[in-house]
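>>> Just a sequence and a predicted model for now, questions to come.
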Amino acid sequence: MKNYPSNITRQQFELIRPALENFRKRTKPRKYELYEVFCAVLYVLKTGCQWRQVPGDFPEWRSVYNYYKIWSTKAEPTADSLLEQVLKKLSLLGELTKDVQL
């Protein structure tokens, strides 16, 4: 995977890995590394590109989008989604594209 400006470091990812791993139902082994999926989500949020335009060195766009849908779903209307929580933890929420709604 190329080093895109939207990527976070592996050390930063280790801070949020437990939250992302615990949110997923364990039905089958992962096809893609979670770090790469998360960086792909950040790429889309930062650049505003269409999901189908995710660069080819990221995991397949459908998988990235499916993770995004799961992570951005709110349990309650007033609660933060998991994606919002981890972005706040990394202090990245303000840096993302303003017209993207989580």
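Cool, the structure landed.
>>> Show me which positions of stretch 56-67 end up buried.
By 16 or more other CB atoms under 10 Å, the buried positions in stretch 56-67 come out as 58-59, 61, 63-65, 67. Where C-beta positions appear, they are placed from N, C-alpha and C, glycine not excepted.
>>> quick check, distance from it to the centre of its chain.
Here the centre of mass of C-alpha atoms in stretch 56-67, compared against the chain's by CA atoms, centre = their mean, to the nearest Å, lies 10 Å away.
>>> just to revisit the earlier point, among the buried residues of stretch 56-67, which lie within helices?
Among the buried residues of stretch 56-67, the ones falling in helices (DSSP state H) are 61, 63-65, 67.
>>> and which of those is nearest to Leu42?
Nearest to Leu42 among those is Val64, at 10.2 Å by CB to CB.
>>> between the buried residues of stretch 56-67, which is closest to Ala79?
Of all those, the one sitting nearest Ala79 is Tyr67; the distance, using CB to CB, is 19.1 Å.
>>> Now name the helix or strand holding Pro29.
With elements delineated by DSSP states H and E, Pro29 resides in a region that no helix or strand encompasses.
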